[in-house]
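**Q** What follows is a protein structure lacking sequence information:
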């Protein structure tokens with residue numbers, strides 16, 4: 001099915017956007033503040049609301065007004081990681097359009113909330129990989145080109161989620177639509193994955209040059225971006241136009257809660273009023289009812305159902321049931337041992353390899369609370385890391401070695417979902433074991449597809465992490481240049497030993 005929506009006027013005729021093509025090729029919108037980016041995104045969302053599911057990452061709360069007219073669910077970003085991951089999974093499962101509003105959060109917490117939510121969408125079960133437009137406003141905040149004042153873990157979380165969305169989201173049905181004020185502030189590997197562009201007014205030379213490069217224009221033509229009016233954009237891409245064309249974005253039916261400031265006349269000065277007395281002297285109403293100071297923000301009460309279930313007794317029964325003694329604090333070593341036992345119990349299940357990390361993480365939290373392990377055991381990102389190490393099958397002696405520390409350092413160059421495969425291959429190289437077969441690689445990645453396993457190895461080779469070659473009998477060898485190690489020859493078509501043992 002082909003669906004074209006009307007974005008505005010170009011050269012006296014309607015400018016259409018092919019939604020089906022957009023789902024496959026993604027969109028980048030660029031323009032300085034006041035150039036009309038939010039208006040463009042609102043036009044796109046309104047015109048496509050009846051055709052495709054929409055998820056909007058909204059740092060300023062401007063797009064919540066879509067809820068009343070188009071039925072979007074508004075999700076407050078001030079939630080825990082578990083809550084946001086669960087909501088994201090249900091959003092994909094039930095195909096509900098939503099707006100994740102991050103208004104009121106500082107930049108660090110906005111990045112964390114957006115990262116958790118996007119990862120939840122990305123990690124949804126394969127059965128729910130329905131097509132969806134993922135619109136991210138102010139994308140330079142979530143995928144910065146350089147590190148800023150926020151902690152590295154928050155930046156890596158957000159940047160990794162944005163990279164997954166733009167680089168690998170297409171096969172999961174996720175079509176990224178990102179808008180930024182400055183291309184120079186946006187990570188290049190995120191911007192480079194878009195094939196459709198709408199470039200608005202910009203003034204800085206570096207941004208004009210990058211915009212011209214992306215549109216295939218000569219550098220001397222870049223000056224035109226300074227002359228664009230508000231709401232005018234240069235469009236290019238398979239979903240828009242095969243040649244750069246100027247388009248004026250059409251009107252919208254809803255409006256943002258915030259708007260550009262307008263000039264207003266000052267109030268007429270009254271000759272009989274002393275302005276200083278008016279400002280510095282409190283009125284009778286203020287003396288009677290003084291203005292209240294804004295209270296310090298209180299922590300948001302948890303609505304984590306798992307936390308409520310883990311309570312010792314229902315709140316209503318606290319008066320009749322004797323208070324249970326508090327659980328004794330665990331020794332750090334004993335606590336770590338219990339967490340490892342829970343993790344091993346979950347991953348030993350034969351079906352664990354084919355469940356999403358988000359599902360396994362929820363299972364992990366339940367089991368940890370059942371064993372009275374106080375506090376939040378670990379974050380989702382830490383859980384993924386430790387699960388990847390466990391899936392690699394590394395023994396304790398090797399895990400304590402200096403070479404394994406180098407392996408863990410190298411694994412930071414791949415995304416979270418690929419670390420299990422990378423560690424499996426690296427462990428085989430360190431120990432001189434046969435190169436794992438495609439079936440074993442597929443199991444660790446969470447798929448049954450041997451073809452996908454081979455694509456993962458090709459990806460590692462493209463990144464310069466491994467070098468693949470074969471011996472005279474055709475068996476595969478994986479060499480790790482950074483580790484100065486390589487696997488023994490292994491048959492890529494051999495059966496997975498773990499599954500065969502089961």
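**A** Perfect, I can see it now. Because the structure is predicted, anything quoted here is derived from the model rather than measured.
**Q** From now on I want contacts and neighbour counts done on CA atoms only, so please keep to that.
**A** Fine.
**Q** tally of neighbours for residue 441?
**A** For residue 441, the count of nearby residues is 28 (other CA atoms under 10 Å).
**Q** buried ones in stretch 97-106?
**A** By neighbour count on 16 or more other CA atoms under 10 Å, the buried set for stretch 97-106 is 97, 98, 99, 100, 101, 102, 103.
**Q** What's the first helix or strand after the least confident helix or strand in the chain by mean pLDDT?
**A** Counting by mean pLDDT, DSSP states H and E, the weakest-scoring helix or strand in the chain turns out to be helix 305-309, with a mean of 50. Downstream of helix 305-309, the next assigned helix or strand under DSSP states H and E is helix 332-347.
**Q** Please name the nearest non-neighbouring residue to residue 170.
**A** residue 24 (6.2 Å; CA to CA, 6 or more residues apart in numbering).
**Q** Just list what the helix or strand containing the one you found packs against, helices and strands only.
**A** In this structure, residue 24 sits in helix 19-25 according to DSSP H and E. For helix 19-25, the elements it packs on are strand 174-180, judged by 3 or more CA pairs under 8 Å, 6 or more residues apart in numbering; DSSP states H and E.
**Q** could you point out which element follows the strand it packs on?
**A** helix 188-191.
**Q** what residues does that next one touch?
**A** Here helix 188-191 makes contact (CA atoms under 8 Å, 6 or more residues apart in numbering) with 28, 143, 145, 162, 163, 166, 167, 183.
**Q** for the helix or strand following it, packing partners?
**A** Counting by DSSP H and E, the element after helix 188-191 in chain order, helix or strand, is strand 196-199. For strand 196-199, the packing partners by 3+ CA pairs under 8 Å, 6+ apart come out as strand 27-30, strand 232-237.
**Q** Would you mind giving those as a markdown table with mean pLDDT, distance to residue 276 and mean neighbour count added?
**A** Shown next, in a markdown table, are the helices and strands packed on strand 196-199 (pLDDT from 0 to 100; distance: least, CA to CA, whole Å; neighbours: other CA atoms under 10 Å):
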| stretch | mean pLDDT | distance to residue 276 | mean neighbour count |
| --- | --- | --- | --- |
| strand 27-30 | 92 | 46 | 26 |
| strand 232-237 | 90 | 46 | 24 |
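**Q** who's in contact with stretch 210-221?
**A** With CA under 8 Å, 6+ apart, stretch 210-221 has contacts from 183, 184, 197, 199, 209, 222, 236, 244.
**Q** where exactly do the strands run in the stretch 401-502 of the chain?
**A** Using DSSP state E, counting those that start in this stretch, the strands of the stretch 401-502 of the chain run over 467-470, 476-480, 485-486.
**Q** In a markdown table, list these along with mean pLDDT, mean neighbour count and distance to residue 249.
**A** Shown next, in a markdown table, are the strands of the stretch 401-502 of the chain (pLDDT from 0 to 100; neighbours: other CA atoms under 10 Å; distance: least, CA to CA, whole Å):
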| stretch | mean pLDDT | mean neighbour count | distance to residue 249 |
| --- | --- | --- | --- |
| strand 467-470 | 91 | 14 | 49 |
| strand 476-480 | 93 | 22 | 51 |
| strand 485-486 | 92 | 22 | 56 |
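**Q** how about low-confidence regions in the chain?
**A** 1-2, 257-262, 269, 271-273, 287, 290-330, 350-357, 374-377, 497-502 (pLDDT under 70).
**Q** Pretty sure residue 105 sits against residue 79.
**A** No. Taking contacts as CA atoms under 8 Å, residue 105 lies outside contact range of residue 79: 10.6 Å.
**Q** chain center to the helix holding residue 24: distance?
**A** Its chain's C-alpha centre and that of helix 19-25 lie 20 Å apart, by CA atoms, centre = their mean, to the nearest Å.
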